[in-house]
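Colleague: I need the structure of the sequence given here:
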Amino acid sequence: MAMEAVSVRIEKTEIEEIDRLAYSMEVDRTTIIRRLISVGVEGLLHYEKSAASADWPRKGRLKMRVTVKQ
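Modeller: Below is the predicted model of the structure:
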């Protein structure tokens with residue numbers, strides 16, 4: 001599987017929750033973030049086909065910044 005590096009800026013309160021989960025599950029922060037992305041992508045692929053996906057903010061309107069490094 002090819003992998004690509006990305007940089008994500010996440011609000012401090014969300015990172016605190018991720019750290020709390022990582023501590024309680026006895027795993028690294030990166031494990032939680034990778035799992036969130038994996039589960040999120042699978043869910044979004046399913047969600048994409050529903051009419052509700054039209055309610056999502058369009059590019060440039062999300063609070064999270066993601067940069068793909070090539």
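
Colleague: quick one: which helix or strand includes the residue nearest the centre of the chain?
Modeller: Central residue of the chain (Cα atoms, centre = their mean): I37, 4.3 Å from the mean position. Using DSSP states H and E, I37 falls within helix 29-47.

Colleague: what comes into contact with that helix?
Modeller: The contact list for helix 29-47, computed with Cβ atoms under 8 Å, 6 or more residues apart in numbering, reads V8, I15, I18, D19, L21, A22, M25, S53. Heads up, the C-betas are built off the backbone N, CA and C, glycines and all.

Colleague: excluding its backbone neighbours, what's nearest the fifth one?
Modeller: Translated: L21. Sequence neighbours aside, I32 is the residue nearest to L21 in space, at 5.3 Å (criterion: Cβ to Cβ, 6 or more residues apart in numbering).

Colleague: burial of that neighbour, as a residue count?
Modeller: Look at I32: counted by other Cβ atoms under 10 Å, it has 18 neighbours.

Colleague: what of the one 3 residues further on?
Modeller: In terms of burial, R35 registers 13 neighbours under the definition other Cβ under 10 Å.

Colleague: for the one 5 residues further on, same thing?
Modeller: Applying other Cβ under 10 Å, we find 11 residues neighbouring G40.
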